[in-house]
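In: here's a sequence, model it:
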Amino acid sequence: MVDVASKAPTHRVARAGGSIRMLPATLALIESGNVRKGDVLGIARIAAIQGAKRTADLIPLCHPLALTRVAVDFEVDRAGSAVHCAATVETLGRTGVEMEALTAVQVGLLTIYDMCKAVDRGMRMDDIRLLEKRGGKSGDWHAPD
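Out: As a prediction, this is how the structure comes out:
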């Protein structure tokens, strides 16, 4: 692990996003609430938050962080037959929260896959990326459009 003891704690924010593409019938099941395992997006939101909180347990060289906020939003895209996920993570600390935001997105999308795989094994997760980060010595960064 990198030594961050000499860094001053600052307010840090990271936002990540990604998508899961599926058959239109699968998306209709999610929207109707008729997936056998339950409320797909509600459960995926809780899983994404848990993923952000457990990032240091999953990624070997990540520092365990005291997160001050994790927000996860899902957007249903009927035209693209997809669900888009965005996660925002914040802390007051010595290192950034990019990995926590990225982990939240991936865990949220994996949960959607798990809950719907019985009806659609061909779902595809893609475009998972960091959208922006703020705070720290390196300053702000935004993904190019």
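In: pLDDT score for the residue minimising distance to the centre of the chain?
Out: Closest residue to the average C-alpha location of the chain: Val105 at 1.7 Å, with CA atoms, centre = their mean. Here, the pLDDT recorded for Val105 equals 98.
In: list the contacts for it?
Out: Ala16, Gly17, Gly18, Ala48, Cys85, Ala86, Ala87, Ile128 (CB atoms under 8 Å, 6 or more residues apart in numbering). C-beta coordinates here come from the backbone N, C-alpha and C atoms, glycine included.
In: how close does it sit to Ile59?
Out: Val105 is 14 Å from Ile59, where distance means CB to CB, to the nearest Å.
In: now Phe74
Out: 23 Å.
In: for the two, indicate the residue with more neighbours.
Out: More crowded of Phe74 and Ile59, by other CB atoms under 10 Å: Phe74, with 19 against 13.
In: now that one: how far from Thr111?
Out: For Phe74 relative to Thr111 (CB to CB), the value is 11 Å.
In: what are the contacting residues of the strand or helix carrying Val72?
Out: Assigned by DSSP states H and E, Val72 belongs to strand 67-77. When contacts are defined by CB under 8 Å, 6+ apart, strand 67-77 is touched by residues 19, 27, 30-31, 41, 44-45, 48-49, 52-53, 83-92, 97, 100, 104, 108.
In: and if we set it to 7 Å?
Out: If you take CB atoms under 7 Å, 6 or more residues apart in numbering as the criterion, strand 67-77 is touched by 27, 31, 41, 44-45, 48-49, 52-53, 83-92, 97, 100, 104, 108.
In: selecting buried members of these in ChimeraX, what would you type?
Out: Selection of buried members from the contacts of strand 67-77 for ChimeraX, criterion 16 or more other CB atoms under 10 Å:
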select :27,41,44,45,48,49,52,53,83,84,85,86,87,88,89,90,91,97,100,104,108
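In: each with direction, which strands does the helix or strand harbouring Met125 pair with?
Out: Using DSSP H and E, Met125 sits within strand 124-134. The pairing partners recorded for strand 124-134 under DSSP bridges are strand 10-21 (antiparallel), strand 141-142 (antiparallel).
In: out of the ones you listed, deepest packed?
Out: Comparing the strands paired with strand 124-134 by mean neighbour count (mean count of other CB atoms under 10 Å), strand 10-21 ranks first with a mean of 21.
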